[in-house]
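Participant: Below is the sequence, then the predicted model.
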Amino acid sequence: MNHFNEEQLVAYFYKESPQREHIANHLRKCRECADLYAALSRSLTLIKVIA
Amino acid sequence: MEENDHSIIRAVLSGDKEAYGKLVVRHSQIVFRVAFRITGDEADAEEVVQEAFLRGYQKLESFESRSEFGTWIYRIAVNCALNMKNKHKHEATYQIAEDADPTQQQVQVADTAADPERLLLSQEIEALQARAMQRLTATERTAFVLRHMEARSTEEIAATLHIAPNAAKQAVFRAVQKLRRGLAPLRVNA
C-alpha cells in the first residue's frame, strides 16, 4: 500500500488534492495515514482564525 | 438601485473623483481584514488600507473592466501588506519574547465567560500561534493567511503574490510545517 506524505495530506485538508477520492478511501483503510492526517488536522484546526 | 462597481469606476474615470469613496466604503472592510491577518497589527492594517486604495486610485485607468474591482483591490492590499511585513522584518509587530507574559500579548480573547482552565489553554494556544507565525517569512505568512484564513485557492494565492502555483503551494506547506512545529507543545491526545 502506498502511503501519502504530509504535503499530499495538507493539500487534501484544504480540499485541493487532485486525488481526493483516492486519499479518502486510503484513509479509511490505512491506520498510519489516518493517524498522520488526524494529527495534521488537529494542528490546523487549532490555528484560530483571527476575526 | 445600487450602483455596481463598474459604473462607479466609469464615473471616477469620467471626472467624478468623489465617487471613488463609494468603492472605499464598499470594500474597505474586506481589505482591512486581510491586511490585519497578514500584518497582525491594527495600525499597520489601517495604513495598508489607505495605501491600497491610494494605489488603486492611481492605477484605476489600468483596471480591466472584465475583472472584479473587489478581487483587484484585494490583491493590491495583499501586496501592500506583504511590503509592510518585509519593511518590518526585524521589528516584529506583536513579537512575544520567550519570557513574556502571554496575557499581555493577546490580540483577542474569544470567550471571557469560559472556565479558567479553558481560558488558560486558549491563551497558551494564541501565544504559541503568535510566536510560530512570527517565524514565518512574509511570503509564507501571506500564503498561509490566504489559504487557511481567507480560503483562497492555490491559483489565487499564486496570482496575488505573483509567483508560480507550485511556489504558492510550497509556501503554504512550509508555513504549515513551521506552525505545526510551533504548536507541538500542545500536541496531546485531544
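Facilitator: Cool, got the structure. Residues are numbered from 1 along each chain as shown, chains lettered A, B, ... in the order given.
Participant: How many residues are close by whichever residue of chain B sits closest to chain A?
Facilitator: Closest residue of chain B to chain A, Cβ to the nearest Cβ: B:Arg180 (4.6 Å). C-beta: built from backbone N, CA, C; applies to glycine. Neighbour count of B:Arg180, defined by other Cβ atoms under 10 Å in any protein chain shown: 20.
Participant: Same check on the one 3 residues further on?
Facilitator: When neighbours are counted by other Cβ under 10 Å, B:Leu183 registers 19.
Participant: quick one on the thing from earlier: what strand or helix carries the residue of chain B closest to chain A?
Facilitator: Element membership of B:Arg180 [criterion: DSSP states H and E] is helix B:165-182.
Participant: distance of the residue in chain A that chain B sits nearest to from B:Leu128?
Facilitator: Per Cβ to the nearest Cβ, A:Ser43 is where chain A lies closest to chain B, at 4.6 Å. Between A:Ser43 and B:Leu128 the distance is 11 Å, computed by Cβ to Cβ, to the nearest Å.
Participant: what's the answer for B:Gln50, then?
Facilitator: Distance, B:Gln50 to B:Leu128, by Cβ to Cβ: 32 Å.
Participant: out of those two, which sits in the busier spot?
Facilitator: Using other Cβ under 10 Å as the criterion, B:Gln50 and B:Leu128 rank with B:Leu128 on top: 20 against 15.
Participant: what packs against the helix or strand containing that one?
Facilitator: Taking DSSP H and E as the definition, B:Leu128 sits inside helix B:116-134. On a contact count with 3 or more Cβ pairs under 8 Å, 6 or more residues apart in numbering or on different chains; DSSP states H and E, helix B:116-134 meets helix B:165-182.
Participant: Can you give me the buried ones in the helix it packs on?
Facilitator: Using 16 or more other Cβ atoms under 10 Å in any protein chain shown as the test for burial, helix B:165-182 gives B:167-176, B:178-180, B:182.
Participant: Same list (those residues) but as TSV, adding pLDDT.
Facilitator: Listed next are the buried residues of helix B:165-182 as TSV, based on pLDDT from 0 to 100:
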residue	pLDDT
B:Ala167	96
B:Ala168	96
B:Lys169	95
B:Gln170	96
B:Ala171	96
B:Val172	96
B:Phe173	96
B:Arg174	96
B:Ala175	95
B:Val176	94
B:Lys178	93
B:Leu179	91
B:Arg180	90
B:Gly182	86
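Participant: B:Ile76 and B:Leu54 touch, don't they?
Facilitator: No. Shown here, B:Ile76 and B:Leu54 do not form a contact pair, counting by Cβ atoms under 8 Å, at 9.6 Å.
Participant: If you count surrounding residues, which of those two has more?
Facilitator: Between B:Ile76 and B:Leu54, counting by other Cβ under 10 Å, B:Ile76 is the more crowded of the two (20 against 12).
Participant: ok now stretch B:28-40, how far from the chain's centre?
Facilitator: From the chain centre to the centre of stretch B:28-40 is a distance of 5 Å (Cα atoms, centre = their mean, to the nearest Å).
Participant: worst-scoring helix or strand of chain B, pLDDT-wise?
Facilitator: Lowest on mean pLDDT, DSSP states H and E among the helices and strands of chain B sits helix B:116-134, with a mean of 77.
Participant: What is the subsequent helix or strand relative to that one?
Facilitator: Criterion used, DSSP H and E; the element after helix B:116-134 is helix B:138-144.
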